[in-house]
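> The following comprises the amino acid sequence and a computationally predicted model.
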Amino acid sequence: MHQDGVRFLEKEITQMKVAVIGDMMTDRYITGRVNRISPEAPVPVNLVESQREVPGGAANTAANLAALGCPVFACGMKGNDADGAVLSSLMEQAGIDMSGMILAENYHTTAKIRILGARQQMMRLDYEEKKNPSSHDCHFILSWLEHLLSEGLRCIVLSDYGKGMITGELSGAVISLAKRYGVPVLVDPKGADWTKYDGAYGITPNLKELSDCVGREIPNDDEAVEQAGKEVREKYHLTHLFVTRSEKGITCISEKGSIHRASAAQDVFDVSGAGDTVMAVTAAATADGLPMDTILELSNKAAGIAVSKVGTYQVKREELLSAWSRGENVRLSYRPLTWEEAEERVGRWKERGEKVVFTNGCFDILHRGHVTYLQQAASLGNHLIVGLNSDESVKKLKGLGRPVNKEEDRSFMLAALRCVDEVVIFGEDTPEKLLSRLKPDILVKGGDYRVEEVAGRQYAGEVKILSFVDGYSTTGLIHKIRRE
């Protein structure tokens, strides 16, 4: 199973052509700090610090597939409006083929706006307008799809968010056409009646969606899920039913029986879009014909990465390959990046349109203040890279007896945090030389600095100053230990 996954992620996944048809959306995240209650009403005041947009809904599934290395073809509706323009730009940056996208006049592109205070979602604002494809649109979609099938398309995803794109007529026609070519159709369902998905290769509901479909609450235990899944699979003539079960992992029900794969215990910061991640991995792995136990393990790994991030997140192929190769969800060993490796890694992230955040420090005895600060820094972009002072530079800055922990131990601890993508060590008093090579989008500094005082600021797109958490410091911990 392990070698199947490695071979698939290293090469074969890049050859899996997948079409995603569904409700395309723009997701916008507005992040700030909450320090007070409004004098106008009993609501928190969010001091906005950053804003970012990512593909949402079916577009997130397509973006997940693209991040995994698959050639992806998207089909959905967008309006001739600002959110539609943002959606097109995001999909283009992700490398998604948009030849199947339909420009609908007098239609507002679906957009979801999430307001976050630090790393917690406070509110969501939705702009949406339900709209069905016309008969002309359906004819275009089926012609577009048949051309792709004749060119070697390996899998089709119907991503239904109930916004109108996936009608019974279109769904039935897509499933019928795919069967003629022997290509699997996987469905992310919406609603309690799954008649329009009849005959699909597989459906990927979560436990609530399965409960809605059978009309009763299904407890999260193997036997109950298996029984309900069997009913649904037979009723709608499905080859497989993939049930996502939060901490219980994923269960696949087929004619041969059931396979359960539990999730590993870990921190969960945000479940937004995790189902799209599972769908993307399941679709790509199904397209390659991997064994079912490998498909479920890969999907579990990818979901674990997705929920450890803030907001809608596209899991990258190298991330999944790294997690798969480790065989578990923690770093058992870690080597910080060289400056050359860090420069290459940051350049690759930025080429994909992903925002890179940099911060630096000694991080000698890692404590709650450090972790909170790093989480806040990570929430400002897509990747956080930490510049770590070498042992010699810590001794120079902090004096004899420091650091308490050696640089290899400090880098290991930082890398084990979900919010930290990579660590790179520098030996100078400041990271200015390192920053001249990395050129991050955002340079974050903690404390009461002024922007013009931050070393290396000229090499970053912008500088953000974050407050430290009161009551936590490495020096204070050392003094406390010595007193006691």
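Ah, there it is.

> In this structure residue 144 contacts residue 100, no?
Yes. Contact status for residue 144 versus residue 100: in contact at 4.9 Å, counting by CB atoms under 8 Å. Where you see a C-beta, it was placed from the backbone N, CA and C, and this is true even at glycine.

> which residues are common contacts for the two?
residue 75 (CB atoms under 8 Å, 6 or more residues apart in numbering).

> can you map out the helices along the stretch 201-350 of the chain?
207-214, 222-235, 274-287, 292-307, 317-326, 339-351 (DSSP state H, counting those that start in this stretch).

> what does the stretch 51-200 of the chain give?
Taking DSSP H, counting those that start in this stretch as the criterion, the stretch 51-200 of the chain carries its helices at 58-67, 82-94, 135-150, 168-181.

> Identify, out of the ones you listed, the most deeply packed stretch.
Among the helices of the stretch 51-200 of the chain, helix 58-67 has the highest mean neighbour count (mean count of other CB atoms under 10 Å), at a mean of 30.

> From residue 73, how far off is the residue most central in space within the chain?
When CA atoms, centre = their mean is applied to the chain, the residue found nearest the centroid is residue 313 (2.0 Å). Here residue 313 is placed at a distance of 22 Å from residue 73 (CB to CB, to the nearest Å).

> before we move on, what about residue 42?
For residue 42, the distance to residue 73 - CB to CB - is 49 Å.

> Of those two, which one has the most company?
Applying other CB atoms under 10 Å to residue 42 and residue 73 shows that residue 73 carries more neighbours, namely 25 against 7.

> Next, the contact list for that one, please.
17-20, 96-97, 99-100, 148, 153.

> So which of those wins on neighbours?
Comparing those by number of neighbours (other CB under 10 Å), residue 20 comes first, having 34 neighbours.

> Secondary structure class of that residue, three-state.
With DSSP: H, G, I helix; E, B strand; the rest coil as the basis, residue 20 sits in strand.

> in the sheet, who's paired with it?
Residue 20 forms beta bridges with residue 74, residue 157, as assigned by DSSP bridges.

> Which residues are in contact with it?
58, 61-62, 65, 72-76, 156-157, 159.

> repeat for residue 49
Residue 49 makes contacts with 31-33, 380, 464, as judged by CB under 8 Å, 6+ apart.

> Please identify the buried residues of stretch 412-429?
412-415, 417-426 (16 or more other CB atoms under 10 Å).

> Which one of the helices of the stretch 51-200 of the chain lies nearest to residue 111?
Nearest to residue 111 among the helices of the stretch 51-200 of the chain is helix 82-94 (4.4 Å), distances taken as CB to CB.

> pLDDT averaged over that closest one, what's the number?
What helix 82-94 shows for mean pLDDT is 94.

> neighbours around the closest residue to residue 83 other than its chain neighbours, how many?
Leaving aside its sequence neighbours, residue 83 sits nearest to residue 109 (CB to CB, 6 or more residues apart in numbering; 3.9 Å). Using other CB under 10 Å, residue 109 is surrounded by 24 other residues.

> OK, contacts around residue 109?
Remark: with contacts taken as CB under 8 Å, 6+ apart, residue 109 is in contact with 24-26, 78-79, 81, 83-84, 87, 127.

> The closest residue in space to residue 107 that isn't next to it in sequence: neighbour count?
Distances taken as CB to CB, 6+ apart place residue 79 nearest to residue 107, at 4.1 Å, with adjacent residues excluded. By other CB under 10 Å, 21 other residues sit near residue 79.

> give me phi/psi at residue 28?
Residue 28 adopts backbone torsions of phi -120, psi 130, taken as degrees, to the nearest 10.

> Quickly list what the closest residue to it other than its chain neighbours is bridged to.
Leaving out its chain neighbours, the residue that sits closest to residue 28 by CB to CB, 6+ apart is residue 113, at 4.6 Å. Judged by DSSP bridges, the bridge partners of residue 113 are residue 28, residue 125.
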